Structure formats: C-alpha cells, structure tokens
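Asker: quick one: sequence plus predicted model below, questions after.
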Amino acid sequence: MAKNSQITNIKLKILFWNAQIPRILKDLDILVCVESWLQPEHNIHYPGLLTFRKDRTHARGGAYFEVKDLTWPEQNIEILNLMAIYRAPDSTLSLYGDFNSHNIIWNCNRNDKNSKRLESCISNSDLFLLNSSNLVDKIDVYACDITMKKKTFKIKSLRTDWAKFESIINDKYEQFLTTQYDILWDEECSKIIRLRKTSYKKWGTTTNLQDLIEYKKNYALVKKKLKQKKKDNLKKFAESLNFRSNPNYVRNKSKILKDRFTKITPSHKHENLQNQQKVEVALNKISTPYVQTDPHWIPHCDDNTFLNHPFDFVEFNVALESKNKNLLPAWTVLTLTLLTGFH
C-alpha cells in the first residue's frame, strides 16, 4: 500500500439468521406481522401465498399478511375475520363500527356471548363506550363531541378496601363544610344516621347475616340516641323559659321538639329589643333626660318574700286560663319537675 493512500473506515453490518423460511411457511397457514416498515416500492411475495399489506408511508409501522390458498372439504365453515392493529405510542384510540354485540349495559334488551367479550375488553383497556339512549332497532347516525383534557385512571375496585375507604370518608366528611344544625339535630345525629344508611345498603347488597346484625345494632343506636337528644333539648328549652317569653315563640319551639323538620324563626330576638325600647320610653316619661339624678339613690321598697317563692302547677294553670288556648303549646309535655324553677 502506498504511503500517501487514504485509509477509509467502513462499518460492515452482518445479520445471521438461520430462518428456514420455506419450513416456517410450510407449518403455518396465516402469517401476521406488524411494524413491517415497508414502503410501496418494497416488493415482497412468497410463492403459494396471498399477500395483504397496509403500509404506513408517512411514518414507521404497517401491517403485513401472508395467507395460504386454503381449501376445505367441508362447505359450512364460519368465515374468520383477521385484524392486525398497530397503535402508535402516546396516542389516543377511537374504534367505530357495528360490533353486533347485545348487552344491557349499552341499552339492549338481552346479552349475548360476543357482548361479554367486548365488555371485558372495554373494562380491561380503560375504554369508554358511547351509544344512543334508545334501543338499537335501525341504522342511526349518532354524533358525539368528546373533549378530554386529562386522562384519569379508574379505581381498581377489586383490590379496594371499601371498609377502610368508608371509614376515612366518614372521618373527613365534617371537614368539607361547616353545617349549621337546628335544634334536636347535631353532628352526632348526622353521623349515626349515615352509619345506619351505609349498613342498610351493605346488607341489601350482600344479604349476609353478620351485615344484618350490624344494621340492627345501628338502627337501635339511632333510635336510642334520638330519643335521648329529644329529652335533653326539651329539658333545656323548659329551663330557658321566663315570664317574658312570647307564647307564640314557645308554641313554635314546642313543635320543633316534636318534629325536627318544622322550620321557624326565633321571635325572642326582636322581642327583647321591643321590650327594651318600651322600658326606655317609660323611663323617659318618669324622668326626663335633662333632669339631673343621683345614681346612688335607691327608692325605699318593702321586702315581699312571697314573690321569691316558686309557684305550683295549679297557679300556673290558673294563669294560663286568661290566655288564648289556641296560641299555647301542648303544656302536657312539660312536667312539674321541669317547671319548678320557672319564675
């Protein structure tokens, strides 16, 4: 080699494959390939085989079929449809067509074997099925608009611990919003009611004896708690009454203690303001604002111990006779023990 000659590096690429293609094709009836990467100028054909190609000219991909010219002695042979599908990575997929699958999930009146396979494929592949709301009885044109901003994944319900999920939701429920509870109803009442409804739905789904026992326990707990809440609120209401209480307000409050769905507006808020205004008017008449008074001077008043004694139930009934009975609540629910401290 001459000294001045240039040395060129050439990369020699060799592929060794003991393919034995005739033997492979001899044992096969149908050959299906994807990612063929063939272009229209590529001519590939094997003797004795029918070639079917679907080239992807603008990018890599494509499908390739080789099928023998088969002959069968039997005539009643079901036609087999072959499909080679290539989905490009990181791309969406939309399938359209008449699948001839009847299932009650997509508004059919019966199920068939093909629908079970299609339903399983839809569930396992995270697909969405779109169909009209009417029963399929003729060829319809159905248009839909799909706007997908972000792909979300379904919860794998087979592995989900629903008991733990329910417990977490019940604990975090009260943090979502602040509930304004009415009289005879508080946070504890709402919680036990939710537990009773949940246990009832669980028993209705499983029909298990243990779930039925759990529902009965929650039902008895709700009944006991609500009865105790009603009694406590009745006692608290009776202790809050005084001689300034408006009879209409007392009557409406008593209705709430009987039925928690009765809604009223407390009247004692503006009533106290009216009494205060009446007192100010009376004081201004007795002592005008421009007259100076001694704040330390107290008028003489004889001690009357009778006014300090609590009245009995008979005196209370006599006082009520002068009132309109239609405006008074059902006082039979108020026991003598609760009214002992009434002044």
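Answerer: It's in. Residues are numbered from 1 along each chain as shown.
Asker: and Asp171, how far from Glu188?
Answerer: As for Asp171, its distance to Glu188 is 14 Å (criterion: C-beta to C-beta, to the nearest Å). No exception for glycine: its C-beta is placed from N, CA and C like everyone else's.
Asker: my bad, should have said Lys216
Answerer: In terms of C-beta to C-beta, Lys216 sits 20 Å off from Glu188.
Asker: before we move on, what about Glu321?
Answerer: Counting by C-beta to C-beta - Glu321 and Glu188 are separated by 41 Å.
Asker: neighbour count winner among the two?
Answerer: Between Glu321 and Glu188, counted using other C-beta atoms under 10 Å, the more crowded position is Glu188 (11 against 7).
Asker: next, the more buried one: secondary structure please.
Answerer: helix (DSSP: H, G, I helix; E, B strand; the rest coil).
Asker: nearest residue to it in space, please, no chain neighbours.
Answerer: Nearest residue to Glu188 in three dimensions, chain neighbours excluded: Lys225, at 6.9 Å (C-beta to C-beta, 6 or more residues apart in numbering).
Asker: that neighbour contacts Asp186, correct?
Answerer: No: Lys225 is beyond contact range of Asp186, at 10.1 Å (criterion: C-beta atoms under 8 Å).
Asker: mind listing the shared neighbours of these two?
Answerer: Residues within reach of Lys225 and of Asp186 at once, by C-beta atoms under 8 Å, 6 or more residues apart in numbering: there are none.
Asker: okay, how far is it across stretch 240-254, tip to tip?
Answerer: Terminal residues of stretch 240-254 are spaced 13 Å apart (C-alpha to C-alpha, to the nearest Å).
Asker: which stretches of the stretch 101-250 of the chain form strands?
Answerer: Shown for the stretch 101-250 of the chain, no strands are assigned by DSSP state E, counting those that start in this stretch.
Asker: so where is it shaky, pLDDT-wise?
Answerer: Along the stretch 101-250 of the chain, the parts satisfying pLDDT under 70 run over 132-160, 173-184.
Asker: apply 90 and report the result again.
Answerer: Low-confidence segments of the stretch 101-250 of the chain (pLDDT under 90): 101-195, 197-212, 222-250.
Asker: quick one, helices of it?
Answerer: Remark: helices assigned in the stretch 101-250 of the chain by DSSP state H, counting those that start in this stretch are 113-124, 162-172, 187-206, 209-239, 247-258.
Asker: I'd like the average pLDDT over stretch 14-29.
Answerer: Across stretch 14-29, the average pLDDT comes to 71.
Asker: picking that back up, and the helices of the stretch 101-250 of the chain: which comes nearest Leu307?
Answerer: Proximity to Leu307 (C-beta to C-beta) singles out helix 209-239 among the helices of the stretch 101-250 of the chain, at 20.2 Å.
Asker: Asp29 and Gly48: what is the separation?
Answerer: As for Asp29, its distance to Gly48 is 11 Å (criterion: C-beta to C-beta).
Asker: overlap in contacts, these two.
Answerer: Lys68.
Asker: can you list the domains in this structure?
Answerer: 14-148, 177-258 (the TED database).
Asker: dump these into CSV; add distance to Lys285 as well.
Answerer: Shown next, in CSV, are these (distance: least, C-beta to C-beta, whole Å):
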stretch, distance to Lys285
domain 14-148, 75
domain 177-258, 21
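Asker: Lys216 and Val222: what is the separation?
Answerer: Counting by C-beta to C-beta, the gap from Lys216 to Val222 is 11 Å.
Asker: so what's the residue count around Leu95?
Answerer: Counted with other C-beta under 10 Å, Leu95 comes out at 11.
Asker: who's in contact with it?
Answerer: Leu127.
Asker: which SS class is it?
Answerer: coil.
Asker: quick one, phi psi at it?
Answerer: With angles defined as degrees, to the nearest 10, Leu95 sits at phi -110, psi 130.
Asker: how much space between it and Gly62?
Answerer: From Leu95 to Gly62 the distance is 19 Å (C-beta to C-beta).
Asker: got the CA coordinates for stretch 301-315 in PDB?
Answerer: C-alpha atoms of stretch 301-315 as PDB (Å, rounded to 0.1, in the frame of the first residue of the first chain):
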ATOM      1  CA  CYS A 301     -89.300  49.300  98.900                       C
ATOM      2  CA  ASP A 302     -90.700  46.900 101.400                       C
ATOM      3  CA  ASP A 303     -89.400  43.300 101.300                       C
ATOM      4  CA  ASN A 304     -92.000  40.800  99.900                       C
ATOM      5  CA  THR A 305     -90.900  37.300 100.300                       C
ATOM      6  CA  PHE A 306     -94.000  35.900  98.600                       C
ATOM      7  CA  LEU A 307     -92.600  37.000  95.200                       C
ATOM      8  CA  ASN A 308     -89.400  35.000  95.800                       C
ATOM      9  CA  HIS A 309     -91.300  31.700  96.300                       C
ATOM     10  CA  PRO A 310     -91.800  29.400  93.200                       C
ATOM     11  CA  PHE A 311     -95.400  28.900  92.200                       C
ATOM     12  CA  ASP A 312     -97.100  25.500  91.900                       C
ATOM     13  CA  PHE A 313     -98.700  23.800  89.000                       C
ATOM     14  CA  VAL A 314    -102.300  24.900  90.000                       C
ATOM     15  CA  GLU A 315    -101.300  28.500  90.000                       C
END
